[in-house]
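# need a structure here:
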Amino acid sequence: MKKLRISVVQYFNTAPLVRGFTHGPLRGKYDLSFTVPSQCAEALRGGAADVAIIPAIEYQRIVSEGIGLTILPGLSIASKERVRSLLVLSKVPIRQARRIVLDRSSRSTQALVKILAAQRWQISPEFIEAEPDPAAMLRHADAALIIGDIALRIAIAAETHVTKGPDVEWLTEGATVGIPEIPQLHIYDMVKEWWHLTEKPAVLAVWAARNDAFPESRITTELVSDFLTSRDFGISQLAEICAEASAQMQLPEKELRLYLERNIDFSLDAENFQGLQRYWMICSALGLTAPLQSVAIAAGPGSAARYMDFVSARKA
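Numbering: from 1, shown residues only. Down below sits the predicted model:
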C-alpha cells in the first residue's frame with residue numbers, strides 16, 4: 001500500500017509530536033516531509049499531503065474553499081499563557097507603531113497580530129511581509145513579528161536582561177538580542193497578549209487530514225492512535241529531544257526543556273478548544289477568514305466524532 005503523506009513543520013516545538021514517526025515505534029510507516037507552517041498548509045490544500053500540521057487559521061480557510069478536512073482529536077500545538085517563540089519586537093511602544101512587518105512563514109500568528117492590533121492595542125498599522133530577519137525587518141518598520149526557533153533564541157537571550165515596560169512588555173537593549181543598532185527594544189509575547197485580551201489559551205496549529213485521502217472520507221482509528229502514540233512517545237523523550245536540539249541550535253538544554261514543558265501544550269483539551277473557537281470567531285469578524293465553516297473532529301480513543309456548526313453555536 002502507498003504510504004500516507006504527512007507534512008510537518010520543521011520547528012523545534014513540533015519535534016515531540018512526530019518523535020514516534022522519526023525515532024520511535026512508527027518509524028518508516030508514513031512518508032514525512034518537513035517545511036514551514038505556511039507551506040504545510042499549501043501541501044494539504046493542494047493535495048501534496050494527506051495529513052499536515054497546519055496553522056490554526058488555515059483550517060477555516062481551506063474548508064471554505066470546499067476541501068473537506070478533519071481535525072485529529074486531542075492534538076495541537078498550543079500555549080496556555082506565554083509561549084516565548086512568537087514575539088513582536090518593536091522600536092517604540094506597540095500602541096505607537098504605524099508599520100509592522102510580518103514573518104511570511106506564519107499565518108496563524110499574522111492573524112493574531114492583526115487581532116491584537118485591532119482589539120488590544122487599538123491601532124491600525126500598515127502590515128507588510130518579509131523573510132524572518134529581525135534586524136532587516138526593523139530597518140523598514142516600527143515593529144516585526146518573529147516566530148519559531150529564531151524567536152525562541154531571542155527570548156532566551158533577552159530574559160536575563162529585561163525590565164517591564166509600561167504595557168507589561170519586556171524592555172531590553174537591542175544588543176542583547178543581536179540588534180545593536182536599536183538602543184531599546186519592546187518585546188511582546190503574542191500568547192501573553194492574547195491572554196490579556198481573552199483569558200484563553202492560544203492554539204497555534206492542529207493536525208488535519210484531507211477527507212478524500214480516506215475511503216468513504218472516514219479517518220481511521222488506527223491513524224488517530226498512531227498520532228497520539230507518536231506524541232506520547234515524544235513527551236517521554238523530552239530529555240533526548242532537548243539534548244539533540246541543544247547541540248544543533250547552540251542553546252541551553254535546560255531552557256529548551258523548560259520551553260517544551262511549560263510554554264507548549266500538545267493537547268487539544270476543552271480549554272484549548274475554547275481558545276481556538278474564540279480565535280476563529282474573531283478572525284471571521286475581522287474579515288481574516290470567510291464566514292466560519294463547520295468543524296469536524298475525528299473519533300479518538302474513548303470519544304466519538306464531533307461536528308461543530310458555528311451558525312447554530314452563534315444562535316444558541
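# Run through the residues that contact the closest residue to A209 other than its chain neighbours.
The spatially closest residue to A209, leaving aside those adjacent along the chain, is V51, at 4.5 Å (CB to CB, 6 or more residues apart in numbering). Every C-beta, even on glycine, is put in place using the N, C-alpha and C of the backbone. For V51, the contact set (CB atoms under 8 Å, 6 or more residues apart in numbering) comprises 4-7, 44, 72, 207-210, 213, 223, 227.
# try it again with 10 Å
4-8, 30, 40, 43-44, 69-70, 72, 207-210, 213-214, 219, 223, 227 (CB atoms under 10 Å, 6 or more residues apart in numbering).
# next one: S105
9, 11, 35-39, 55, 129, 131-132, 147-148, 150.
# same thing but at 6 Å, please
36, 38 (CB atoms under 6 Å, 6 or more residues apart in numbering).
# tell me the SS of it?
coil (DSSP: H, G, I helix; E, B strand; the rest coil).
# likewise L204?
strand.
# what are the phi and psi angles of the closest residue to it other than its chain neighbours?
Excluding its sequence neighbours, the residue lying closest to L204 (CB to CB, 6+ apart) is I77, at 4.8 Å. Main-chain torsions, I77, degrees, to the nearest 10: phi -110, psi 110.
# got it, and the one 5 residues further on?
Here is the backbone geometry of R82 (degrees, to the nearest 10): phi -150, psi 140.
# which regions of the stretch 101-250 of the chain sit below the pLDDT cut-off?
217 (pLDDT under 70).
# so where do the helices sit in it?
108-119, 134-139, 148-158, 190-198, 221-236, 238-249 (DSSP state H, counting those that start in this stretch).
# what about the closest residue to F266 other than its chain neighbours, how many neighbours?
Leaving aside its sequence neighbours, F266 sits nearest to R231 (CB to CB, 6+ apart; 5.6 Å). Per other CB atoms under 10 Å, the neighbour tally for R231 reads 22.
# ok, so what distance separates R231 from L276?
Per CB to CB, to the nearest Å, R231 is found 17 Å from L276.
# Just the C-alpha atoms of stretch 160-177, please, in CSV.
Presented in CSV, the C-alpha positions along stretch 160-177 are these (Å, rounded to 0.1, in the frame of the first residue of the first chain):
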residue,chain,number,x,y,z
THR,A,160,18.3,37.8,31.8
HIS,A,161,18.5,41.4,30.7
VAL,A,162,14.9,42.7,30.7
THR,A,163,12.8,45.1,32.7
LYS,A,164,9.0,45.5,32.5
GLY,A,165,7.7,48.2,30.1
PRO,A,166,4.6,50.3,30.5
ASP,A,167,2.3,47.7,28.8
VAL,A,168,3.8,44.7,30.7
GLU,A,169,6.1,44.0,27.7
TRP,A,170,9.8,43.3,28.1
LEU,A,171,12.3,46.1,27.6
THR,A,172,15.9,45.3,26.7
GLU,A,173,18.8,46.7,24.7
GLY,A,174,18.9,45.7,21.1
ALA,A,175,22.5,44.5,21.5
THR,A,176,21.3,41.8,23.9
VAL,A,177,19.4,40.0,21.1
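# So for stretch 125-144, first residue to last residue, what's the gap.
Start and end residues of stretch 125-144 are separated by 12 Å (CA to CA, to the nearest Å).
# Mind listing what's buried along that stretch?
125, 132, 134, 137-138, 141-144 (16 or more other CB atoms under 10 Å).
# Switch those over to JSON lines; also include distance to G302.
Shown next, in JSON lines, are the buried residues of stretch 125-144 (distance: CB to CB, whole Å):
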{"residue": "P125", "distance to G302": "46"}
{"residue": "P132", "distance to G302": "40"}
{"residue": "P134", "distance to G302": "44"}
{"residue": "M137", "distance to G302": "46"}
{"residue": "L138", "distance to G302": "49"}
{"residue": "A141", "distance to G302": "48"}
{"residue": "D142", "distance to G302": "49"}
{"residue": "A143", "distance to G302": "45"}
{"residue": "A144", "distance to G302": "44"}
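# can you tell me which two in those are farthest apart?
Maximum pairwise distance in these, criterion CB to CB, is 18.7 Å, between P125 and P132.
# that older thread, in this structure the residue nearest to L204 contacts V203, no?
No - I77 lies out of contact with V203 (CB atoms under 6 Å); the separation is 7.6 Å.
# the more surrounded of those two?
I77 (29 against 26).
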